[in-house]
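**Q** Okay, here's the prediction I keep looking at, along with the sequence it came from:
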Amino acid sequence: MIRKLEILMLIVWLTGCIQAQPLRTGAEQTEKLIPLLKDKRVALVVNQTSIVGKTQTHLLDTLVSLGVNVKKVFAPEHGFRGNADAGETVRNGRDVKSGLPILSLYGKNKKPTAAQLADVDVVVFDIQDVGARFYTYISTMHYVMEACAENNKTLIVTDRPNPCDYVDGPIREAQKKSFVGMHPIPVLHGCTIGELAQMINGEGWLNEGVKCKLIVLPMKGWKHGQAYSLPVKPSPNLPNEQAIALYASLCPFEGTSVSVGRGTYMPFQVIGSPHIKGFPYSFTPQSLDGFDKNPLHKGRSCNGLDLRKVEAPKGLSLQYVIDMYKAYQRQGKTQEFFSRASWFDQLMGTNSVRLQIMEGKDEATIRAGWEKALEDYRNIRRKYLLY
């Protein structure tokens, strides 16, 4: 009996050791990354989230210090330093510290050109995703994969955790394909960026089914369902965990006349509009450097809800949109709610959600319409899981 107890205690201790293994992102495993880059001409697709280790040294600086021949940097939406507004054109430039050229993938072209890749052998993609289909870093990755496939270049994706690790929401319909919906996946795709890259390749989603020469450098010390707190905000208007957790549920408001708090210090944590009354909270969007310079309803008092301390949904919630639509309905202003209906539909990946909200359907009824397609997606996803 004592012997069995000792064995049980040993198993518990070993399990604790395994669980306590510190997280190491793909980029932090330089002992694996550097040999892949030896004697190669390298381009990086990086931003402010591309940091390495406790010192939070940028991956670019780390690789240059280790003698890697980095030729250029490609920058996604929000730019190399992550301070451009949503939708703002990112311009070409030069990194002050390294002197390397920075080429925009959120300006004239969203895809590296053959000329831009001519002096490159390997591209390294290291950007933190937040798990939502309409978060455009995964669309940038798609075009980088496509360019690498078409120009016979290798792509290395250094993996990072998914901080909103759920599978939920409608699958994007084919006719709704756009830069905020490149793939037939749900609003919350439940993949790391490395797993998603494998899925894009494996399911033939690149142009004409081309295949990218892909290497995914997996993480250590993380598994699906494990919480992860980002050390750097991934974009100007996702400043903390609450904003990231609410992002998938609140982003569809961008297709409405309801503010999600852009132009405040609480973006994606408050919602409101000057068109409605009877709410316990109000805020006034302003031009704020580092957040949003020209927010919706700038200078106007918005009535709505403070969500900073609510328990965030474990997945996607439609209830916020439904409740706000009903608030407009009470004011007799439903015509003003879906102010950019086509944009709302692109974000949702379908027009059925908007139409059902307008018909007065509840969330359970709307969700039932996407469950079968979601289950089919889960079966696809299983093939590409690494953790």
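**A** Now that the structure is in, tell me what you want to look at.
**Q** Nearest spatial neighbour of P22, chain-adjacent residues omitted?
**A** Counting by Cβ to Cβ, 6 or more residues apart in numbering, G221 is the residue found nearest to P22 once chain neighbours are left out, at 5.3 Å. The way it works is simple: take the backbone N, C-alpha and C, and place the C-beta from them, glycine included.
**Q** ok now do that neighbour, which residues does it touch?
**A** By Cβ atoms under 8 Å, 6 or more residues apart in numbering, G221 lies in contact with 21-24.
**Q** Looking at the residues you listed, spot the one nearest G263.
**A** Checking the contacts of G221 against G263 with Cβ to Cβ, the nearest one is L23 at 34.0 Å.
**Q** Excluding chain neighbours, what is closest to the closest one?
**A** In this structure, L23 finds its nearest non-sequential neighbour in G221, 4.1 Å apart by Cβ to Cβ, 6+ apart.
**Q** again, but for L385
**A** E195 (6.0 Å).
**Q** Figure out how far the helix or strand where the one you found lies is from the centre of its chain.
**A** Assigned by DSSP states H and E, E195 belongs to helix 193-202. On the basis of Cα atoms, centre = their mean, to the nearest Å, helix 193-202 sits 14 Å off its chain's mean C-alpha point.
**Q** re earlier: the contacts of G221 into CSV, with extra columns for distance to K153, neighbour count and secondary structure?
**A** Below are these laid out as CSV (distance: Cβ to Cβ, whole Å; neighbours: other Cβ atoms under 10 Å; DSSP: H, G, I helix; E, B strand; the rest coil):
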residue, distance to K153, neighbour count, secondary structure
Q21, 33, 10, coil
P22, 32, 9, coil
L23, 29, 13, coil
R24, 26, 15, strand
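**Q** min pLDDT across those, which one?
**A** Here the lowest pLDDT out of the contacts of G221 sits on Q21, with 80.
**Q** Pretty sure that residue sits against M219.
**A** No. Look at Q21 against M219 with Cβ atoms under 8 Å: they stay out of range, at 10.4 Å.
**Q** residues in contact with L307?
**A** Applying Cβ under 8 Å, 6+ apart, the residues near L307 are 242, 246, 250, 269-271.
**Q** Helix, strand, or coil at N303?
**A** Under the three-state scheme (DSSP: H, G, I helix; E, B strand; the rest coil), N303 adopts strand.
**Q** Contacts only, for the nearest residue to T284 once chain neighbours are set aside.
**A** In space, and not counting its chain neighbours, T284 is closest to S301: 5.2 Å by Cβ to Cβ, 6+ apart. Neighbouring residues of S301 by Cβ under 8 Å, 6+ apart: 274, 282-284.
**Q** Now, of those residues, which are buried?
**A** With burial judged by 16 or more other Cβ atoms under 10 Å, the buried subset of those is 283-284.
**Q** Just flag the most distant two among the contacts of S301.
**A** Between any two of the contacts of S301 (Cβ to Cβ), the greatest distance is 10.7 Å, for P274 and F283.
**Q** Check the contact lists of the two and give me the overlap.
**A** Shared contacts of P274 and F283 (Cβ under 8 Å, 6+ apart): 301-302.
**Q** quick revisit: go ahead and confirm the residue nearest to L385 touches L386.
**A** Yes. Using Cβ under 8 Å, E195 is in contact with L386, at 5.5 Å.
**Q** neighbour count winner among the two?
**A** When neighbours are counted by other Cβ atoms under 10 Å, E195 comes out ahead of the other of E195 and L386, with 23 against 15.
**Q** pLDDT wise, what is the more buried one at?
**A** 98.
**Q** Just to check, L305 is in contact with S282?
**A** No. Using Cβ under 8 Å as the test, L305 is too far from S282 to be in contact (10.0 Å).
**Q** which of the residues in the helix or strand hosting V353 are buried?
**A** If you go by DSSP H and E, V353 is part of helix 352-358. Of the residues in helix 352-358, 352-354, 356-357 count as buried by neighbour count, 16+ other Cβ under 10 Å.
**Q** Need the contact partners of it.
**A** Under Cβ under 8 Å, 6+ apart, the answer for helix 352-358 is 170, 252, 318, 321-322, 325, 334, 338, 341, 344-345, 348, 365-366, 369.
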